[in-house]
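Student: Could you work out the structure for the sequence below:
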Amino acid sequence: MAERAGDRPLRVPVCGRDATEMDTQNRKNILLIVAASTAIICMVVLLFFRTSVYTGILRWIVRIFQPFIYGAVIAYLLRPVCEKLEQKLHLKRGLSILLSVIGMFVLITLLLVAVVPELISSITELISRLPAAAAQMESWFSAVLEEQTELLEMVEGTLNVTTQSVSEFLQAHVLPQLRNIMNNMSTGFSGVLSVVKNFVLGTIIAIYLLGSWEKFGLQLKMLVYAVFPHKVADWIRKEVRFTDEKFSGFIFGKLVDSLIIGVLCFLFMLIARMPYAMLISIIVGVTNIIPFFGPYLGAIPSAILILTVSPVRCVIFVVFIIVLQQLDGNVIGPKILGDKLGLSAFWILFSILVFGSLCGVLGMLIGAPVFAVLYDIVRSFVLDSLAQKKEQAILQEYEADRAGDGSPRGPAQPPADPPAA
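Tutor: I've put the predicted structure just below:
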């Protein structure tokens, strides 16, 4: 009998190996949907409700895996050093790991033995000088604003409140913490035993991770290709590599750059006989890690500290910081970092403000590389969609705009899928 126009074609039942493969694929899809839904629900609850139950569970999980977190962070920071030693000096993996770990412990020892005592001395000297410096500044304002009575009273009141607040903060929070570090060092690390234990265990775990980095990467790759479809797994591999490139290059480069800036600042402070040399050098070096705002966040309080001692030295320090930041922005930074993020100044500013408001100082530190990864994901999606819709005019316009902007990123056409693993 002839098939009528409205009849549906008969379905041939699938059996054997094809049916097994379809069942396996269906189970994987269901598992992925359930896992993604659970993750989204948990994130929504944690972000918007922040109930004590979930935060308590999260703290418990973090406490259990704390040595592994330490180990992963240490391994991630030392991996570029090991790779440089292997590539430049042609050392074997074990020797490069040993030298990297020894260098890490040498830096930590120097920090605790040389930097912390000097930092305590600088803060103690600052606290003792604050009343006299405030009185000196008050007399200077009185001479300048002699005829402006109301403005003088306002300045004196603000100066007294600021001086009292800074002194109380240093005495109640900063100085006790630094003294506790030194006391715990001399009394068998009683107060920091947990941190030392996690750090030692984390170092051991980091050595294992560094020694078998490729093996762990292969195992993770096998897991990804076993769980996800081939095309999705290729995309995950590409994004993981891109994320690793952005984070490792940016974080390691920023640490080296900030260390150089801190050392240069310390040498200048010693040669020029500036006050609070160690304290200000640490402030300048640490805040330099933060993109865009870092130099200003470090220079302003440092200049105020020097101003309490000598206005002339304060002017000299400000001039030096301007020269140092120009040297960093045009010579040191590009030499070490290059264009690791591939973002314009606007998007770097945007990422620092947004992530800084969400996560505080940590958000300001990692906001730029995180946003660079998100930016690349959105960019790839947009380019793929335009290519599928055959919007060649828009793609060519975008490519011409990027070429004129000097962007270091790849071509506007979406990249081809990577080869199968």
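Student: going forward, measure contacts and count neighbours with C-alpha atoms only.
Tutor: Noted.
Student: can you give me the helices in the stretch 301-421 of the chain?
Tutor: 311-327, 333-336, 345-388, 392-405 (DSSP state H, counting those that start in this stretch).
Student: Ok, which of those helices comes nearest Met104?
Tutor: helix 333-336 (20.0 Å; C-alpha to C-alpha).
Student: tell me which residues in that closest one are buried?
Tutor: 333, 336 (16 or more other C-alpha atoms under 10 Å).
Student: which residues are contacting it?
Tutor: 253, 256-257, 328 (C-alpha atoms under 8 Å, 6 or more residues apart in numbering).
Student: again with stretch 282-289
Tutor: By C-alpha under 8 Å, 6+ apart, stretch 282-289 touches 254-255, 257-263, 265, 294-295, 297-299, 302, 365.
Student: following the helix or strand of the chain with the lowest mean pLDDT, which helix or strand comes up?
Tutor: Counting by mean pLDDT, DSSP states H and E, the weakest-scoring helix or strand in the chain turns out to be helix 175-186, with a mean of 57. Once helix 175-186 ends, the next helix or strand along the chain (criterion: DSSP states H and E) is helix 193-211.
Student: Dump the C-alpha coordinates for that following helix into CSV.
Tutor: Extracted in CSV, the C-alpha atoms of helix 193-211 (Å, rounded to 0.1, in the frame of the first residue of the first chain):
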residue,chain,number,x,y,z
LEU,A,193,51.8,25.3,64.0
SER,A,194,48.8,24.6,61.7
VAL,A,195,50.1,26.9,59.0
VAL,A,196,53.6,25.4,59.1
LYS,A,197,52.1,21.9,59.0
ASN,A,198,50.0,22.7,56.0
PHE,A,199,52.9,24.5,54.3
VAL,A,200,55.3,21.5,54.8
LEU,A,201,52.7,19.0,53.6
GLY,A,202,51.9,21.3,50.7
THR,A,203,55.5,21.5,49.8
ILE,A,204,55.8,17.7,49.7
ILE,A,205,52.6,17.5,47.6
ALA,A,206,54.0,20.2,45.3
ILE,A,207,57.1,18.2,44.7
TYR,A,208,55.0,15.2,43.7
LEU,A,209,52.9,17.5,41.4
LEU,A,210,55.9,19.0,39.8
GLY,A,211,57.6,15.6,39.3
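Student: Show the subsequent helix or strand relative to it.
Tutor: Counting by DSSP H and E, what follows helix 193-211 is helix 213-227.
Student: Okay, now the unreliable bits of the stretch 301-421 of the chain?
Tutor: 338-340, 402-421 (pLDDT under 70).
Student: Closest to Ala35 out of the contacts of helix 333-336?
Tutor: If you rank these by distance to Ala35 using C-alpha to C-alpha, Gly253 comes first, at 35.9 Å.
Student: how many other residues sit next to the closest one?
Tutor: By other C-alpha atoms under 10 Å, 21 other residues sit near Gly253.
Student: right, and it touches Leu341 too?
Tutor: No - in this structure, Gly253 is not within contact of Leu341 by C-alpha atoms under 8 Å, at 11.4 Å.
Student: that older thread, now for the helices of the stretch 301-421 of the chain, which one comes closest to Gln87?
Tutor: Per C-alpha to C-alpha, nearest to Gln87 of the helices of the stretch 301-421 of the chain: helix 333-336, 17.2 Å.
Student: Pull the closest one out as PDB, backbone CA atoms only.
Tutor: C-alpha atoms of helix 333-336 as PDB (Å, rounded to 0.1, in the frame of the first residue of the first chain):
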ATOM      1  CA  GLY A 333      57.000  45.700  32.800                       C
ATOM      2  CA  PRO A 334      56.900  45.100  29.000                       C
ATOM      3  CA  LYS A 335      60.200  43.200  29.100                       C
ATOM      4  CA  ILE A 336      58.800  40.800  31.800                       C
END
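Student: for stretch 352-359, which positions count as buried?
Tutor: 352-356.
Student: In space, what's closest to Val224 - neighbours in sequence excluded?
Tutor: Take Val224 and drop its neighbours on the chain: the residue closest to it by C-alpha to C-alpha, 6 or more residues apart in numbering is Ala233, 5.9 Å away.
Student: what's the helix or strand for the one you found?
Tutor: Ala233 belongs to helix 230-271 when assigned by DSSP H and E.
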